[in-house]
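Engineer: this is the structure alone, sequence omitted:
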């Protein structure tokens, strides 16, 4: 995976050196080189940038000022001749702080830190999505499997060993128990309201006393599911 980077420095020699360093690292891809934060802001608006090599002392606005006004920040490595900004820079969550003159070895250390952050970010994303519920289910309808989008389901009716899935387009009758189907559905979008009914949160039009209205259907809320249903509604800010 290549890391898209941007160099921002008002000194031509510093820009040239960093550009040379970037060219020697296969994992880095240079997006652009800017001589001021103002020019960098224009690039950041239109380009995907993963890593920003940023000088601190520059005309117009400083590198730290740029960081403070950026809404979406890439990873940042500061490059400067002044050590007194180190504490403030780390408060802005920069990855590394390189003092000029910058050696290639020290540059590589900073790149390694960025790669470590990127790897951590990737692992966290994969973990967060590992248990994600797909936006559909497959149910058996006679001799075939039918793909049903969760967003299309209005409610599900159970009767012994069969369920009828009422969608926006059709009804699908499937040989399976309601409990097994309930376990496949995301708990933040579907709620069991009765031994015989599961309803989609988005499909609920009105709630009156002990009934839920979904289109022309009036679905009963049984006493055994009433508290769980009310808690579910409270969590989703419906009144």
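Structural biologist: That came through fine. This one's a predicted model, so the numbers in the text were calculated from it and none came from an experiment.

Engineer: what's the span of stretch 181-193 from first residue to last?
Structural biologist: End-to-end distance for stretch 181-193: 14 Å, by C-alpha to C-alpha, to the nearest Å.

Engineer: for that stretch, buried residues please.
Structural biologist: By neighbour count with 16 or more other C-beta atoms under 10 Å, stretch 181-193 contains the buried residues 181, 182, 185, 189, 190, 191, 192, 193. Placement of C-beta: from N, CA and C, glycine included.

Engineer: state the mean pLDDT of stretch 210-225.
Structural biologist: Averaging pLDDT along stretch 210-225 yields 93.

Engineer: and the residue located most distally from the centre of the chain, how close does it get to residue 178?
Structural biologist: Most distant residue from the mean C-alpha position of the chain: residue 160, 40.1 Å away (C-alpha atoms, centre = their mean). Remark: distance between residue 160 and residue 178 (C-beta to C-beta, to the nearest Å) = 9 Å.

Engineer: next structured bit after the lowest-mean-pLDDT helix or strand in the chain?
Structural biologist: Every helix and strand of the chain was ranked by mean pLDDT, DSSP states H and E. The lowest is helix 86-91, at a mean of 65. Later in the chain than helix 86-91, the nearest helix or strand by DSSP states H and E is strand 96-99.

Engineer: which parts of that following strand are buried?
Structural biologist: Applying 16+ other C-beta under 10 Å to strand 96-99 flags 96, 97, 98 as buried.

Engineer: out of the residues you listed, flag the one nearest to residue 12.
Structural biologist: Set against residue 12, the nearest of the buried residues of strand 96-99 by C-beta to C-beta is residue 98 (17.7 Å).

Engineer: so that closest one touches residue 76, yeah?
Structural biologist: No - the pair residue 98 / residue 76 is not scored as a contact, 11.1 Å apart, by C-beta atoms under 8 Å.

Engineer: pLDDT below threshold where in this protein?
Structural biologist: Scanning the chain with the threshold set as pLDDT under 70 gives 1, 85-91, 122-133, 237-239.

Engineer: mind listing what's buried in the helix or strand hosting residue 163?
Structural biologist: Assessed by DSSP H and E, residue 163 sits inside strand 162-167. Buried residues in strand 162-167, counted by 16+ other C-beta under 10 Å: 163, 165, 166, 167.

Engineer: mind checking how far the first one is from residue 156?
Structural biologist: Looking back up the chat, that one is residue 163. 6 Å.

Engineer: can you pull out the helices in this protein?
Structural biologist: 12-23, 37-46, 63-69, 86-91, 104-130, 178-184, 223-235 (DSSP state H).
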